[in-house]
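[1] structure for the following, please:
(2 chains)
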There are 2 protein chains.
Amino acid sequence: MEKIKIGLLGLGTVGTGVYKLIQMRSDIMEKTIGAQMEIKKILVHNRNKKREGVDESLLTDNWKEIVEDDEIQIIVEVIGGIEPARTMILEALRAGKNVVSANKDLIAEEGRELLDTAAEHGKDFLFEAAVAGGIPIIRPLKQCLAANEISDILGIVNGTTNYILTKMTEDGMEFADALRQAQELGYAEADPTADVEGLDAGRKAAIMASIGFHSRVVFSDVYTEGITKITAADIAYAKEFDSVIKLLAVARNTGDGIEVGVYPMMLPKDHPLSSVRESFNAVFIHGDAVDDAMFYGRGAGEMPTASAVVGDVIDVARDLAYNCTGRISCTCYRQIPVKDFGEVENKFFLRMQVENRPGVLAKIAQVFGEHMVSIARVVQKNAETDSAELVVVTDRVKEKHMKDALDKLGEMNSIFEVSSVIREY
Amino acid sequence: MEKIKIGLLGLGTVGTGVYKLIQMRSDIMEKTIGAQMEIKKILVHNRNKKREGVDESLLTDNWKEIVEDDEIQIIVEVIGGIEPARTMILEALRAGKNVVSANKDLIAEEGRELLDTAAEHGKDFLFEAAVAGGIPIIRPLKQCLAANEISDILGIVNGTTNYILTKMTEDGMEFADALRQAQELGYAEADPTADVEGLDAGRKAAIMASIGFHSRVVFSDVYTEGITKITAADIAYAKEFDSVIKLLAVARNTGDGIEVGVYPMMLPKDHPLSSVRESFNAVFIHGDAVDDAMFYGRGAGEMPTASAVVGDVIDVARDLAYNCTGRISCTCYRQIPVKDFGEVENKFFLRMQVENRPGVLAKIAQVFGEHMVSIARVVQKNAETDSAELVVVTDRVKEKHMKDALDKLGEMNSIFEVSSVIREY
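    Predicted coordinates:
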């Protein structure tokens, strides 16, 4: 019986999950792939740190020891971040190793270099765990749906923000309280910026768009806007409109370019993504043959992420057994431009506090008209003596036109505040 | 540039979709798999029938011509049914062809023979389209989730019945009216038995259980019960309980055997499967590493099913390019017994019309008690002078005990009718 030896780079949350899961499944690996699996070496920062249940003799703080080990055929990178992960993966591929990675930051920026290097050396570079954690999405896009021209990818791909928005929606919490609760439960980090500002989702959007549309999209192509400005009042309006507010990664392949952004959206309650609650993730796609499809599950966490990583490791092991590593590499065979975000069209929900006197609405309508923003409906709410709340929902308008209109409205004395600007699905 | 030649067995709805989709994607195949694809021959019953847009020179009514064609490397079987499809596929595999099939009837009964024959000859036998049409489920189970011990598979895998139940739930229709509407829209066949009695879903349950639990389950192992007895009154009760009624394929790998059945269930509204509306399908799974996951989309139809078939064809083409056909074959490496359905435990919702006089409830409760059926709650409704409606919800009880209790209740004069027996999630 052959033994496939694995080198593990990193032993944080995901690394520990990978270690555990490979141990747990060692009995069935022989039956599944006809080979045993063994983690031979593990790269850690500090070899002296106590680690429950981990064989200490496997630990090393020298990554070269792993990359240069002739027996190791698969390297699992779960360090995260750009460097030194990038250098380690490139060296590993050049040394003839197959690599499995969960590193969304790196793949969203340097995916092409990594995939090209893997292809050059005929090795596998798999990264199912880099988008939506445990949810199968990369392999379905690259293989199951390969016969489709995919036009739309909509994802709830950040569990922290989905948890916060769920608490705001279901328990009436304000953002700050929901964030605090998420931090207490370990769903949000002490510095939650990457999550709440949409950066994490933006990286996943870049990876999904690249694979779905067969054209390279990098993180810097992605417009990102977070959920920090969403208030309980916005959530209440969403309910009134039979909608929920979700932070969505939106990628579309339109006739004239790729649109890609991350922002909160009001989504009708009967859309399949609307019922994705708590810290769950889901990716909704539309393809010309398959029509609508959605993939739902745990987007993070020790064991769900390990599930995706070890699934990839098993796939590499099968490729090793059949001598066909490198079987599926980069699928970006065309170059479609990414649109400037100003050219993207969206519907908007706007909430503003305005002076309560005749003629104000006419002035506002005039500003919108001058900027080619067509209004679908206007509702006046909470009118007091001097002020009123005005809710405006627009038709589809270009982002740049809305931005200009908002700049102009900001200059008007009769508008005290534009409280919310939220896109509508 | 190499040309991969394909033989198509069958040119019905799915076959036509496959033909169209391969034509539509011919331009990108070279870029995706480094080879062109060409349908060389198509098996039809009647060569003289007019077929819009199909090259008539490809048609043949002699299947041997396709199976014995040395140039053909991939055979797509979309005839359906057991014979002659079984013989054709076996002969094709023995002749060294790779086979892609959408035939759930055949795979649910003879899957082992087909997969074993494929393995023996080192060929691919793929069937993503056989379960849940366009939704990726076979490949995710076999590859992405391969590191999991899967314990639960719950599926809405029949679009006809889901459409009917959606109309009953959302528009207050009775079963017969909703069925008629489904037939008018082409969602249900003239003879709807296989759909409404749960047989179609039962075949898919057998296939999913086999793959999910790595142990062969065949259609005859699956308990099936349809939706013909569901009434508007049941739907109304479900709403009252914050639930919806769905026809579910339920497969569980418990400590002491596999449970597998198809039956209507009352499912809480916040379960992800509850929001699967109209003719959409979805499969919900629970694995020990990945936790909960769900796959949603079109379970039938010309192009969604073709999407899955052609996805498989592309995968075979990749395996041909890398000389690794047979890479993933049967994954049933263990033998777990399938439980007798009487031993399966479920919660039940019962609705009965009873004599409206003191002591009746006590008698009913006694019957349940004698049969080890523990009652969770009882509500009396619609009491008239002589009769009343009694709703009983039980705790988890063995199916055989419930059956015995119902037989006994049927003998009681004070019970006019047991109107509904529906399992609760």
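[2] any idea how far A:K40 is from A:M24?
    Separation of A:K40 from A:M24 (Cβ to Cβ, to the nearest Å): 18 Å. The C-beta positions use only the backbone N, C-alpha and C, and glycine is treated the same way.
[3] could you do A:I227 as well?
    36 Å.
[4] how about the helices of the stretch 301-425 of chain A, start to end?
    A:302-321, A:360-370, A:399-410 (DSSP state H, counting those that start in this stretch).
[5] and what of the stretch 1-150 of chain A?
    Going by DSSP H, counting those that start in this stretch, the stretch 1-150 of chain A shows helices at A:13-24, A:26-33, A:63-67, A:85-94, A:104-120, A:138-139.
[6] show me what the third one is packed against.
    Other helices and strands packing on helix A:63-67, by 3 or more Cβ pairs under 8 Å, 6 or more residues apart in numbering or on different chains; DSSP states H and E, are strand A:3-9, strand A:36-43, strand A:72-77, helix A:85-94.
[7] is the first one positioned near chain B?
    So the one you mean is strand A:3-9. No - remark: strand A:3-9 sits outside contact range of chain B, by Cβ under 8 Å from any Cβ of the partner chain, the gap being at least 12.9 Å.
[8] if you count neighbours, what's buried in that strand?
    Across strand A:3-9, burial judged by 16 or more other Cβ atoms under 10 Å in any protein chain shown covers A:I4, A:K5, A:I6, A:G7, A:L8, A:L9.
[9] let me know the pLDDT of the closest residue in space to the fourth one that isn't next to it in sequence.
    When you say that, I think you mean A:G7. With sequence-adjacent residues excluded and distances taken as Cβ to Cβ, 6 or more residues apart in numbering or on different chains, A:G7 is closest to A:I66, at 3.8 Å. At A:I66, the pLDDT value in this model is 98.
[10] cool, and A:I107?
    97.
[11] what about it, distance to chain B?
    17 Å (Cβ to the nearest Cβ, to the nearest Å).
[12] show me the contacts for that residue.
    For A:I107, the contact set (Cβ atoms under 8 Å, 6 or more residues apart in numbering or on different chains) comprises A:S101, A:L114, A:F127, A:A130, A:R203, A:I207.
[13] ok, A:I164 - contacts?
    When contacts are counted by Cβ under 8 Å, 6+ apart, A:I164 is found next to A:F175, A:A178, A:L179, A:A182, A:A188, A:V196, A:I227.
[14] what lies in contact with the helix or strand where the second one lies?
    Just to be clear, that refers to A:A178. Using DSSP states H and E, A:A178 sits in helix A:175-184. Residues outside helix A:175-184 that contact it (Cβ under 8 Å, 6+ apart) are A:160, A:163-165, A:167-168, A:171, A:173, A:188-190, A:192, A:196, A:227-228, A:230-231.
[15] buried subset of these, written for PyMOL?
    A single PyMOL command selects the buried members of those (16+ other Cβ under 10 Å):
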select buried, chain A and resi 160+163+164+165+167+168+173+188+192+196+227+228+230
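[16] now, the contacts of helix A:175-184 that are in helices?
    A:T160, A:Y163, A:I164, A:L165, A:K167, A:M168, A:D171, A:V196 (DSSP state H).
[17] for the residues you listed, work out which two are farthest apart.
    Farthest apart among these by Cβ to Cβ are A:D171 and A:V196. That separation is 17.9 Å.
[18] list the buried ones in stretch A:387-406?
    For stretch A:387-406, using 16+ other Cβ under 10 Å, the buried residues are A:387-394, A:397-399, A:401-402, A:404-406.
[19] ok, and what's touching that stretch?
    Taking Cβ under 8 Å, 6+ apart as the rule, stretch A:387-406 contacts A:237, A:341-356, A:361, A:364, A:367-368, A:370-383, A:416, A:418-419, A:421, A:424.
[20] in PyMOL, how would I select the buried members of those residues?
    To isolate the buried members of those in PyMOL, using 16+ other Cβ under 10 Å:
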select buried, chain A and resi 237+341+344+346+347+348+349+350+351+352+353+354+356+361+364+367+368+371+373+375+418+419+421+424
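[21] before we move on, back to that, wait, which of the buried residues of strand A:3-9 is closest to A:A147?
    Closest to A:A147, out of all of these and judged by Cβ to Cβ, is A:I4, at 32.0 Å.
[22] what about stretch A:239-249, near chain B?
    No - judged by Cβ under 8 Å from any Cβ, stretch A:239-249 and chain B are separated, with a smallest distance of 11.9 Å.
[23] how far off centre is that stretch?
    Between the centre of stretch A:239-249 and the centre of its chain there are 18 Å (Cα atoms, centre = their mean, to the nearest Å).
[24] by mean pLDDT, which helix or strand of chain A comes out lowest?
    When the helices and strands of chain A are scored by mean pLDDT, DSSP states H and E, helix A:26-33 comes last with a mean of 83.
[25] and that one, which residues are buried?
    A:I28, A:M29, A:T32, A:I33.
[26] now do it: which elements does it pack against?
    Looks like helix A:26-33 contacts strand A:36-43, helix A:302-321 (3+ Cβ pairs under 8 Å, 6+ apart).
[27] show me the domain layout of chain A.
    Listed domain ranges for chain A are A:3-131+A:302-321, A:138-298, A:344-424 (source: automatic domain parsing).
[28] so which of those gets nearest B:A85?
    domain A:138-298 (22.1 Å).
[29] give me the below-cutoff pLDDT ranges for chain A.
    A:1 (pLDDT under 70).
[30] what does the stretch 301-425 of chain A put close to chain B?
    Where the stretch 301-425 of chain A comes near chain B, counting by Cβ under 8 Å from any Cβ, the residues are A:301, A:303-304, A:306-308, A:310-311, A:313-315, A:318-319, A:322-324, A:326-328, A:331, A:333-334.
[31] how many residues are close by the residue lying closest to A:K20 once chain neighbours are set aside?
    If the residues on either side of it in the chain are set aside, A:K20 comes closest to A:A306, at 7.0 Å by Cβ to Cβ, 6+ apart. Counted with other Cβ atoms under 10 Å in any protein chain shown, residues neighbouring A:A306 total 31.
[32] quick one, what contacts A:A306?
    Each residue near A:A306 by Cβ under 8 Å, 6+ apart is listed here: A:V14, A:G17, A:V18, A:K20, A:L21, A:A129, B:A147, B:A289.
[33] between which two of these is the distance greatest?
    Among the contacts of A:A306, A:K20 and A:A129 lie farthest apart (Cβ to Cβ), at 14.8 Å.
[34] more neighbours, those two?
    Neighbour totals were compared for A:K20 and A:A129, and A:A129 leads with 30 against 17 (other Cβ under 10 Å).
[35] now, of the contacts of A:A306, which are buried?
    Using 16+ other Cβ under 10 Å, the buried members of the contacts of A:A306 are A:V14, A:G17, A:V18, A:K20, A:L21, A:A129, B:A147, B:A289.
[36] I figured the second one hits A:A300, correct?
    Looking back up the chat, that one is A:G17. No - the criterion here is Cβ atoms under 8 Å, and A:G17 misses it with A:A300 at 10.9 Å.
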